[in-house]
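with the input below, show me the fold.
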Amino acid sequence: MAKRDVWVRIGEDLVRGDTIVGISVSDPPYGYEAFKIMLKVTGHRDHLWLDSGVYDDDQGAGREQVNALADDFVDTLARGAAMPSGALIRLGSDEDDSAWVLSSLG
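Numbers count the residues shown, from 1 in each chain. Predicted coordinates:
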């Protein structure tokens with residue numbers, strides 16, 4: 001597969017998708033905090049954190065939801081890499097149809 005430009009918006013940062021080498025989900029230290037998705041990015045000393053907006057419900061549904069969100073990110077990254085013109089990925093808002101918004105660069 002040919003290398004494509006895929007960019008990912010993570011808070012204030014904009015990173016190339018091919019520099020993301022790891023993804024994990026944090027356990028919120030307090031019940032009132034949302035789960036965070038942590039991305040390990042080549043060239044960044046510290047991990048990049050993304051607030052998922054998903055809260056722990058003490059039943060495990062919150063953990064399942066944020067794990068699905070992380071899995072969906074990986075799927076979206078792969079779909080972006082398959083786009084001939086490259087892509088921009090960002091976490092969707094309440095108005096968006098999906099959790100991750102994939103936009104063509106071309």
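
spatially central residue in this protein, please.
Phe73 (4.7 Å; C-alpha atoms, centre = their mean).

if I read this right, that one contacts Ile37, doesn't it?
Yes: between Phe73 and Ile37 there is a contact at 7.2 Å, judged by C-beta atoms under 8 Å. The way it works is simple: take the backbone N, C-alpha and C, and place the C-beta from them, glycine included.

between the two, what contacts are shared?
Each of Ile23 lies in contact with both Phe73 and Ile37 under the rule C-beta atoms under 8 Å, 6 or more residues apart in numbering.

just the element for the residue nearest to the centre of the chain, please.
Of the helices and strands defined by DSSP states H and E, Phe73 is found in helix 61-82.

pull out the buried positions in that helix.
Gly62, Gln65, Val66, Leu69, Ala70, Phe73, Thr76, Leu77, Gly80, Ala81 (16 or more other C-beta atoms under 10 Å).

now the residues you listed as TSV including pLDDT?
Supplementary listing: these in TSV, determined by pLDDT from 0 to 100:
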residue	pLDDT
Gly62	82
Gln65	88
Val66	89
Leu69	90
Ala70	92
Phe73	91
Thr76	92
Leu77	91
Gly80	91
Ala81	89
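
quick check: closest non-adjacent residue to the residue nearest to the centre of the chain.
Trp100 (5.8 Å; C-beta to C-beta, 6 or more residues apart in numbering).

returning to what we had before: how far away is the residue nearest to the centre of the chain from Asp58?
Applying C-beta to C-beta, to the nearest Å, the value for Phe73 to Asp58 is 25 Å.

where along the chain do the strands fall?
Remark: strands assigned in the chain by DSSP state E are 6-10, 13-16, 20-25, 34-41, 48-55, 87-91, 100-104.
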